[in-house]
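S.K.: all I have is the shape, not the residue letters:
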């Protein structure tokens, strides 16, 4: 409990009014001394001459750095969905260059300047363009750009046509070395899978669950060495067509009935999903190599099942 003596030294409102200086008005707040940028006493920070580029100093240890740069750079951007509609999104970037053994480091601020100056319309052409800008601005032989973002699209329910938005996680990893460009694109597609064994051995019904199919593709290059374009929607289509059923954001009762029977009529093991995607990619002459990974989030186990394959032409 407080005692009267404890409160004796606490100023009252009247005390505060009495000690206010004559030039102060009750409606005017005193200047905050921490806001130096608006203060007449702001210390002079402007330079009178050039500053040394410490990062540009040499290094005598003879160790080349494979990569140095910035990571977890988040910026607003736009991307074209599988229906050809431009959608807003947010992109996470990692940008880096190789540092020769005789150099101390790279200029980190220039990476952000490159992102800020770019229109950030995401796609294979944008990745190649930014790689060339990075290579030139950072005066580097090798530059690497990795970016990930959610790609949104509108999808209608199969029977009622009820609409909603879905998203797939997509990305690119690009590398430029001199004039040579390497580009890998990735899509992670959520699907439904129904177990063939469960269906076969049961009098009725079968267990099913969601799964994720990851597709990574390296495309061939055209005559000038630029990777050919492959829309992300085609990777999504390959994954969904290899599953029991695609997913939908909004389902009414007629839609629920439809997807239940659709999955039941198309049972697949996790191995089937991987082979289904692989078969489609190998038949596409734009594809130079790929990696396909499928994971089923098991509904009747405490663990998950997966399968994976890779291939190069």
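M.R.: Happy to help now that I have it. Since the structure is predicted, the reported quantities are computational estimates derived from the model, not experimental observations.
S.K.: quick one: end-to-end distance for stretch 265-272.
M.R.: 14 Å (Cα to Cα, to the nearest Å).
S.K.: quick one: contacts of it?
M.R.: With Cβ atoms under 8 Å, 6 or more residues apart in numbering as the test, stretch 265-272 has contacts from 193-199, 206, 211, 242-245, 276, 294-296, 305-307. From N, CA and C alone the C-beta is placed, and that goes for glycine too.
S.K.: now stretch 77-90
M.R.: 74-76, 91, 120-123, 149-154, 170, 231-233, 236-237.
S.K.: of the contacts of stretch 265-272, just the buried ones, ChimeraX syntax please.
M.R.: Listed next is the ChimeraX selection for buried residues among these, using 16 or more other Cβ atoms under 10 Å:
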select :193,194,195,199,206,211,242,243,244,245,276,294,295,296,305,307
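S.K.: inside strands: which ones of the contacts of stretch 265-272?
M.R.: Those of those mapping onto strands are 193, 194, 211, 245, 294, 295, 296, 305, 306, 307, per DSSP state E.
S.K.: could you measure from the second one over to residue 175?
M.R.: Applying Cβ to Cβ, to the nearest Å, the value for residue 194 to residue 175 is 40 Å.
S.K.: still on that earlier bit, tell me the buried residues within the contacts of stretch 77-90.
M.R.: 75, 91, 120, 122-123, 149-151, 153, 170, 232-233, 236-237.
S.K.: hang on, the earlier thing: export the ones in strands among the contacts of stretch 265-272 to TSV and tack on pLDDT and distance to residue 280?
M.R.: TSV is the format used below for the ones in strands among the contacts of stretch 265-272 (pLDDT from 0 to 100; distance: Cβ to Cβ, whole Å):
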residue	pLDDT	distance to residue 280
193	96	17
194	96	20
211	96	17
245	97	17
294	97	14
295	96	19
296	94	19
305	96	21
306	97	19
307	98	16
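S.K.: could you export the residues you listed as TSV, including distance to residue 226?
M.R.: Output for the ones in strands among the contacts of stretch 265-272, formatted as TSV (distance: Cβ to Cβ, whole Å):
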residue	distance to residue 226
193	37
194	41
211	34
245	37
294	31
295	33
296	37
305	39
306	34
307	33
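S.K.: show me where the stretch 101-250 of the chain has its strands.
M.R.: 121-122, 142-156, 163-177, 180-194, 208-219, 245-246 (DSSP state E, counting those that start in this stretch).
S.K.: so can I have a markdown table of the ones you listed showing distance to residue 130?
M.R.: Putting the strands of the stretch 101-250 of the chain into a markdown table (distance: least, Cβ to Cβ, whole Å) gives the following:
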| stretch | distance to residue 130 |
| --- | --- |
| strand 121-122 | 10 |
| strand 142-156 | 6 |
| strand 163-177 | 8 |
| strand 180-194 | 11 |
| strand 208-219 | 18 |
| strand 245-246 | 32 |
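S.K.: so which of these is nearest residue 287?
M.R.: Among the strands of the stretch 101-250 of the chain, the nearest to residue 287 by Cβ to Cβ is strand 208-219 (5.7 Å).
S.K.: partner strands of that closest one, with direction?
M.R.: Strand pairing for strand 208-219, using DSSP bridges, gives strand 180-194 (antiparallel), strand 287-296 (antiparallel).
S.K.: want to throw the ones you listed into a markdown table with distance to residue 257?
M.R.: Formatted as a markdown table, these follow (distance: least, Cβ to Cβ, whole Å):
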| stretch | distance to residue 257 |
| --- | --- |
| strand 180-194 | 14 |
| strand 287-296 | 23 |
